[in-house]
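Participant: Output the structure for:
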Amino acid sequence: MSGHSKWHSIKHKKGAADAKRGKLFARLIRQIEVAAREGGGDLEGNPTLRTMVQKARDASVPVDTIERAIKRGTGELEGVRYEPVSYEGYATNGVAVFVECLTDNRNRTTAEVKNIFSRNGGSMAEPGSVAWQFERKGMIILDRGVAEEDDLMLAALDAGAEDIVDVGDTWQVTTGATDLHAVRTALDEAGIKVENADLTMLPSTTVALADEAAAKSVLRVIDALEDHDDVQNVYANFDIPDEVLSAVLA
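Facilitator: The predicted model follows:
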C-alpha cells in the first residue's frame, strides 16, 4: 500500500481537527471567494465553485457563511481580494512538493513559503520544475464500512471513477478532475455516504522513504507549509511504508 495514498486519509482526519480550530473554515471560505470571482456565482455554470461549496458543506460550514463568501467573490459584498499562487520545491530526500496558496500579498507569501522550505531542510524550485510530476485528479474518501466493495464499484465505476483503493479503514475513489462531481452525485444517489470529496494532485512517480528519520524530516516540511494561513493545499511525491508511517505517527 502506498504511504502517500495513506497520507490522504491522514490529511482528511487532520482536516477535521483543523475545523475545530476554525482554520479549515477560513481556508474553505477563501477558496469559495476566489472560485466565485473567477467563474461567477452560479453553481451550475461554475464547476470549481460547486466543488468548493460541496466541500464546505461537508465540513459543516454554515449556509449563510457560504452565501456571503460567494457574494464577496462576485463583488456583491466588499471583501479582501485574494489571488491564487503556486510554489514548487523540494523537501529533504529529494521529495517534490507542490504548494497552492491564496494570498492578498504575493511578495509576503513568497518570502514566507521560501523561508519555511529553507528552515526545514528543503528548498524552493523554479516554476515548472516540479509541477510536471503531478496530475490533477478527483479524490473521494469514504469510511470503510459504508458499502461493500461490489456496491461501491458498481456505483462509482459506472459514473466514471478511475480507481478504487482499500486503505485500511477507508476507501479512496480516484476520478478524472472533471468527473468528481458526477461520481460524488452517483454515490450520494446510491445511498453511499461520502466523507470527503476534493480535487487533488497525484504524483506520477514516488520517492520511497524507508526509515523513520527520513519520513519525519519530509513530514516536518509538509506540516510547516500546511500550518501557514495562506497555504491551501500541499502535495508531495513521497511513499512511506505502513509500518514506518505508523511509527512516525505514534
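Participant: where do the strands sit along this protein?
Facilitator: Counting by DSSP state E, the chain has strands at residues 83-90, 96-103, 123-125, 134-143, 163-167, 170-176, 196-203, 207-208, 231-236, 238-239.
Participant: Single out the most deeply packed of these.
Facilitator: Mean neighbours per residue, mean count of other C-beta atoms under 10 Å, is largest over the strands of the chain for strand 238-239, with a mean of 24. For the C-beta atoms, the positions are set from N, CA and C on the backbone; glycine is no exception.
Participant: What is that one packed up against?
Facilitator: Using 3 or more C-beta pairs under 8 Å, 6 or more residues apart in numbering; DSSP states H and E, the elements in contact with strand 238-239 are helix 3-21, strand 207-208.
Participant: looking at those, which one has the lowest mean pLDDT?
Facilitator: Mean pLDDT across the helices and strands packed on strand 238-239 is lowest at helix 3-21; the value there is a mean of 55.
Participant: pretty sure Gly128 is touching Glu88, no?
Facilitator: Yes - using C-beta atoms under 8 Å, Gly128 and Glu88 qualify as a contacting pair, with a distance of 7.4 Å.
Participant: what's the average pLDDT for stretch 94-101?
Facilitator: The model assigns stretch 94-101 a mean pLDDT of 96.
Participant: same question, stretch 38-52
Facilitator: For stretch 38-52, mean pLDDT rounds to 91.
Participant: For that stretch, what is the distance to the chain centroid?
Facilitator: 18 Å (C-alpha atoms, centre = their mean, to the nearest Å).
Participant: residues in contact with it?
Facilitator: Contacts to stretch 38-52, defined as C-beta atoms under 8 Å, 6 or more residues apart in numbering, come from residues 28, 31-32, 35-36, 53, 70-71, 73-74, 76, 178, 180-181, 197-199.
Participant: Can you turn the buried part of the residues you listed into a PyMOL selection?
Facilitator: In PyMOL, this line selects whichever of the contacts of stretch 38-52 come out buried by 16 or more other C-beta atoms under 10 Å:
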select buried, resi 28+31+32+35+36+53+70+71+73+74+180+181+197+198+199
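Participant: Give me the subset of the contacts of stretch 38-52 that lies in helices.
Facilitator: Counting by DSSP state H, the contacts of stretch 38-52 place 28, 31-32, 35-36, 53, 70-71, 73-74, 180-181 in helices.
Participant: low-scoring pLDDT stretches of this structure, where are they?
Facilitator: Filtered on pLDDT under 70, the chain yields the residue ranges 1-21.
Participant: domain ranges for it?
Facilitator: Following automatic domain parsing, the chain resolves into domains at 3-74, 83-132+205-249, 133-203.
Participant: Quick check: buried residues in stretch 124-132?
Facilitator: For stretch 124-132, by 16+ other C-beta under 10 Å, it's 124-125, 130.
Participant: Including distance to Ala147, could those go into TSV?
Facilitator: As requested, the buried residues of stretch 124-132 are exported to TSV (distance: C-beta to C-beta, whole Å):
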residue	distance to Ala147
Met124	42
Ala125	41
Val130	36
